[in-house]
Each structure stands twice: as structure tokens, then as C-alpha cells.
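Undergrad: quick one: sequence plus predicted model below, questions after.
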Amino acid sequence: MQGTWLVTIPPLLVVFTVFFTRRMLFSLLVGLIAGALIACDCNLIKAASLSIKRLFESTGLANIGSVDAIINNWNLLIFSFLICIGILITLLGYTGAAQAYAQLVRKRVKTKKQAEAASLLLSSIFFIDDYFSALTVGSVMRPVAALYKIHPVKLAFLTTAMATPLTILSPISSWVGEIMLQFRQVGISQTANSLVYADPFYIFVCSIPFITYALFMLISSWYIVLRSISYGPMKQYETVTAANNPEGHTIHGKRAGSLFDFFLPIIILMATIFITLLATGNWTFFGGTATFLQALKNGSMSQALALGGIVGVFITFIFLYMRKKIKSSQIGTICKNGFFLMYPSILMLICAWGLGSLLKNDLKTGLYIAHLLGTIIHVWILPLVCFALSALIATLIGSAWATIGLMLPIVVPMLVSLMGFEQMVLLEQLPLLLPVIGATLSGCILGTHISLIADNPIMAAASTGADHLEHIKTLFWYAFPAAISSALTYTIIGIGLPSIGLINSSLLGFACGATVMIVLLEGANRFWGRK
């Protein structure tokens, strides 16, 4: 039953099931089973086998036949990092280090607005990877949010809104290597058989100003904080939090901690991740051949995250034990509590990844949607269509990287064909290429922000203590103005490019989009921000 409208049923079924049951894990399993039934033509035995297979693959246990396979297993490495973050969160609370940090913030930060701004500033430091940012920023800011009556869903929004947009806008991040690989695969390179003759990294850097949704989300996040904008479901949560906790919370540890106890794990974590990135990226300092920037770009972020977490936990335990802040008999309890803190998120990721794999590899849902709409696309609306289509596919399958891998091989050759070229072209001959790439990447980010099965919002909710479903619901209300503004920007660029050129149409589109976004935020705050 592949290649028909039936392949869109599983993700839609997840949405409806969540709406009626409000049980995320159950809904993901319902979508997975329904997808397996469709893929196996309603053969119950084959469908059960396929469902179990996809779930087992998502655990990362399917390919652990050697040490090399384990250290290159993305899923297991991410789970390891999640567990380490959970242990560190538990450890910081147990030793009183979180309380010490909260007291420091209390001296420097006087208002809720300043605390929210501190979260945004902290996210800017962790731009190198969205997983790293979502997990670390949420964990670090959690006690501060409690002090200043910031609801967990608000902190989760601030974390998610900054994590992926900052990462994809950075020329040095864990996303760059994957995007460069996709560019080369679709024929963007400096070889004789290229489809578009250009340097892939240069193309990516030039496309950054056209990743408008990410840019608008960053602007929107700061504007929301500085203007104290709150509306929709978020307003309800913030009102209830203020009413129930008029004096705020105090973070209690079992004993008085120190700032050194708080910052040591974070410093070790960041340093290990940074060094591991350079080492796995083959930096010349470690005997490789890559420059510093090339090593950062090509390093293994999954290995860096896992090793950083393990080293951070190990050294922190030793340090605190030597200072008699913990006893050896307490280490097991702390590790167990840290594991169970992240256990629900790990289960949710396994189910989400399993469903996403089934949608991508078995049902080919994204490919069906892309080909369905590809026959009605005109050149001038191509950026807008790429944005909307990428957002739709990323929402359904829950993966930005999978959507990028699906969309770029379709839209780049489509653009070359629609422009009337039959052989290798130069970037100068294809001015619409940059907006098309930027729109595709923008749509992927939007889709993962509002998808129930995307992993980044799951991790942000876990690190901040927010309910995942409520996080997605509140995030949607704040992502909507940025999405509408991005759509307007791409429409103006597509229409205006032939007559006023790429630069002028882009500036006009961005100015109009930013203006509309501010108007929408202010309007929503006025009409839906009342108690």
C-alpha cells in the first residue's frame, strides 16, 4: 500500500490519539503499529515483526557486534549522554551545588525577565550542537527558573527556540558536516560531473541569511522576553505559576554546596566535548591532517557528547568523594535516580525514532508528499513551496536530517530543470538556489519544532522538567508568527527576484517578514494574552 494516501495515516493517527488520550508513548506505539500494518498490507504477523524490528533498531542494540560498532552507534551514544545528564542533574541537587548557583543568580539577576534573558544567553554559548544545547541549558537553568517562577514549559520553549536555530545558523556546528554531505550527493561540488559547480561550504554560508525561520525564531525569542509577551496556553501556565508560588521556590540540597561544585561538571563536560570533536575531526594537533575549523566541522558530535558526559560524571564523582561531599554507598542511588529521571525520555525517543524510521524507509511518506506536490510547482513560488513542504514532511516524520536528505535531491534538480538548464550550471546562473536551500532548511526546523515525534523538543522537555505534549502545544503558538513571516519572506523573494534582483528582494522580504512577525506577536499578546 505504499505510494498512496494511506502512508500519511500513521503520523496523523498519532496526533489524533494524543489529542484524545494525552498519552504520548501510547500514541507513538499506535502510529507505529498502524504504519507497520500499512507497510505489510495488513498482515498481522509481518506487521508485528516489522514493528519490533524498528523499535529494536532504535534502541541501538541491533549493531553492537564489535567495539568499533558500539563507539559509532549514534543511538546508544545519545542515550549515554542523556543518562549522564540525568546523573549530573541529580548530583547537583543532592550536593547543594544547584542551590549555590541559584544564590549566585539571585545576586546578579533581579527579575524574571533577566532570568529568561540569562537562559537565552546561555543557549548562545552552546551553539555547536542542538542536543547539547537543549539538554545542558535546560538542566543548568532549571533551578534558576524555579527561583523566578518561570514555568517549565516556558523554559522549555526558550531552550528549544534557541537550540536548533543557533546550530543550523552556525558555520561551525554538528549540522555542517551532514549538510555538506547532502550537497555533494545532489551534485553541488567543484568536480567535472557536478550539477551545480560551486564549493558546498560556500553555498551553505551564503544560504544562511535565507534560513529565515531560524533567524525569526531567534529574534522572536528575544522580543518575547524583552517585551514580556505571553499569550495562549503559555499565559495560562505562567498565571497559575505566579498565583501558586507568589514567593518563588528555593532549591534545597542535602547540604550547602559551592559554586565550584556546580561549575566543575559543566566545565569538564564542555572541555571533553570540544577536545573529542577536534580529535575525531582529525585535527593536526592530534596528528591528523585537518585544520581547526575543518576538525570542528567534521568531528563526531555523538561520540563527543557521550564521552563528555561519561568523563564529566566520572571526574565529578571522584572530586566530590575526595571532598567528602558524597559517600561511596550513595553513588549507586544517585546513578539510579539520574537514570530514572531520563528513562521516560529515552523510551519516547526509541518510539519516535522507530516510527520515523518506518515512515522514511518503509512507507516513504515524505517522498510521496514531495512527488505529489512537485508536479504543480512554478519557479517563482519554489522557495515558498520548499518551505511548506519541508515543514510538513519534518512534522510527519519528526527528523530534520531525514527531511533534508529527502528534499534536497528533489528540489535542487527540480530548480535546475525549471530554469531550463540541461548541464552543469554556475551559482551565478542560478540565483534562486540560495533561497531554495534556505527555505528547505527553514522548513525542516519548523517541522521539528511542532512535531510530536521530533527528538529535540523531547530532550528540551526532559531537561527542563516540562510535559512534552504541553511543550509542543505552547511552542506551536509562538512558532506560528515566525512561520507566517518566513512564508511571506519567501513569497516576496520569489516574486521580486526577476525584477529587482536577489539582494533587494531578500532585504524587502526580510523587512516585511520581521514587521509582520512583530505585529503578530503584539496582536496575540493584546488579544490572547489577557488572563
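TA: Here it is on my side, so go on. All values derive from a computational prediction rather than experimental measurement. Numbering: from 1, shown residues only.
Undergrad: and the next element down the chain from the helix-or-strand element of the chain with minimal mean pLDDT?
TA: When each helix and strand of the chain is scored by mean pLDDT, DSSP states H and E, helix 365-374 comes last, with a mean of 68. Using DSSP states H and E, the next helix or strand after helix 365-374 towards the C-terminus is helix 382-397.
Undergrad: which parts of the next helix or strand after that next one are buried?
TA: The helix or strand immediately downstream of helix 382-397 is helix 400-418, counting by DSSP H and E. Of the residues in helix 400-418, those buried by neighbour count under the rule 16 or more other Cβ atoms under 10 Å are 400, 402-412, 414-416. For the C-beta atoms, the positions are set from N, CA and C on the backbone; glycine is no exception.
Undergrad: so which elements touch helix 400-418?
TA: The contact analysis (3 or more Cβ pairs under 8 Å, 6 or more residues apart in numbering; DSSP states H and E) places helix 400-418 against helix 174-186, helix 365-374, helix 382-397, helix 433-450.
Undergrad: just name the most buried of the ones you listed.
TA: helix 433-450 (a mean of 28; mean count of other Cβ atoms under 10 Å).
Undergrad: immediately after that one, which helix or strand?
TA: Taking DSSP H and E, what comes next after helix 433-450 is helix 455-464.
Undergrad: next one: that following helix to chain centre, how far?
TA: The chain centroid and the centroid of helix 455-464 are separated by 9 Å, computed with Cα atoms, centre = their mean, to the nearest Å.
Undergrad: the next helix or strand after it vs helix 455-464, what angle?
TA: As assigned by DSSP H and E, the chain's next helix or strand after helix 455-464 is helix 468-527. Counting by axes from the mean of the first three to the mean of the last three Cα atoms, to 10 degrees, helix 468-527 lies at 90 degrees to helix 455-464.
Undergrad: tell me what helix 468-527 is packed against?
TA: helix 152-169, helix 212-226, helix 232-244, helix 382-397, helix 433-450, helix 455-464.
Undergrad: with mean pLDDT added, can I get those in JSON lines?
TA: Shown next, in JSON lines, are these (pLDDT from 0 to 100):
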{"stretch": "helix 152-169", "mean pLDDT": "92"}
{"stretch": "helix 212-226", "mean pLDDT": "95"}
{"stretch": "helix 232-244", "mean pLDDT": "77"}
{"stretch": "helix 382-397", "mean pLDDT": "88"}
{"stretch": "helix 433-450", "mean pLDDT": "94"}
{"stretch": "helix 455-464", "mean pLDDT": "87"}
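Undergrad: can you map out the helices along the stretch 201-350 of the chain?
TA: 212-226, 232-244, 259-280, 292-298, 301-322, 328-357 (DSSP state H, counting those that start in this stretch).
Undergrad: out of those helices, which gets nearest to residue 93?
TA: Ranking those by proximity to residue 93 (Cβ to Cβ) places helix 328-357 first, at 9.3 Å.
Undergrad: roughly how far does the residue in the chain sticking out farthest from the centre sit from residue 88?
TA: Distance from the centre of the chain peaks at residue 324, with 38.5 Å (Cα atoms, centre = their mean). Residue 324 sits 19 Å away from residue 88, going by Cβ to Cβ, to the nearest Å.
Undergrad: please name the residues that touch residue 442.
TA: 210, 211, 212, 213, 214, 387, 390, 391, 486 (Cβ atoms under 8 Å, 6 or more residues apart in numbering).
Undergrad: can you report how many residues neighbour the first one?
TA: By that I understand residue 210. 26 (other Cβ atoms under 10 Å).
Undergrad: gap between it and residue 510?
TA: 9 Å.
Undergrad: before we move on, what about the last one?
TA: With the distance defined as Cβ to Cβ, residue 486 ends up 10 Å from residue 510.
Undergrad: list residues touching both of those two?
TA: Common neighbours of residue 486 and residue 510 (Cβ under 8 Å, 6+ apart) are residue 212.
Undergrad: of these two, who's got more company?
TA: residue 486 (34 against 21).
Undergrad: wait, the more buried one sits on residue 449?
TA: No. Assessed by Cβ atoms under 8 Å, residue 486 is found out of contact with residue 449, at 11.9 Å.
Undergrad: would a markdown table of the contacts of residue 442 with distance to residue 225 be doable?
TA: Conversion of the contacts of residue 442 to a markdown table gives the following (distance: Cβ to Cβ, whole Å):
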| residue | distance to residue 225 |
| --- | --- |
| 210 | 26 |
| 211 | 22 |
| 212 | 20 |
| 213 | 19 |
| 214 | 17 |
| 387 | 26 |
| 390 | 28 |
| 391 | 25 |
| 486 | 20 |
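Undergrad: what's the most distant pair in these?
TA: Applying Cβ to Cβ across those, the maximum distance is between 210 and 391, 15.1 Å.
Undergrad: how about residue 145: what's its closest non-neighbour residue?
TA: residue 155 (4.5 Å; Cβ to Cβ, 6 or more residues apart in numbering).
Undergrad: with residue 309 instead?
TA: residue 84 (2.9 Å).
Undergrad: quick one: residue 526 from residue 517, how far?
TA: Taking Cβ to Cβ, one finds residue 526 at 15 Å from residue 517.
Undergrad: the more surrounded of the two?
TA: Set residue 526 next to residue 517 and count neighbours by other Cβ under 10 Å: residue 517 wins out with 25 against 11.
Undergrad: what's the burial count for the closest residue to that one other than its chain neighbours?
TA: Of all residues not flanking residue 517 in the chain, residue 485 sits nearest, at 3.9 Å (Cβ to Cβ, 6+ apart). When counting by other Cβ under 10 Å, one arrives at 29 neighbours for residue 485.
Undergrad: show me the contacts for the residue nearest to residue 43 when sequence neighbours are not counted.
TA: Ranked by Cβ to Cβ, 6+ apart and with sequence neighbours excluded, the top spatial neighbour of residue 43 is residue 37, at 8.0 Å. Going by Cβ under 8 Å, 6+ apart, residue 37 touches 43, 44, 47.
Undergrad: excluding its backbone neighbours, what's nearest residue 182?
TA: Here the residue nearest residue 182, using Cβ to Cβ, 6+ apart, is residue 408, at 5.1 Å.
Undergrad: ok, that neighbour - contacts?
TA: 182, 183, 185, 186, 437, 440.
Undergrad: and residue 231, by the same measure?
TA: 477, 524, 525, 527, 528, 529.
Undergrad: need phi/psi at it.
TA: phi -150, psi 170 (degrees, to the nearest 10).
Undergrad: for it, give its distance to residue 524.
TA: 5 Å.
Undergrad: what is in contact with those two at once?
TA: residue 477.
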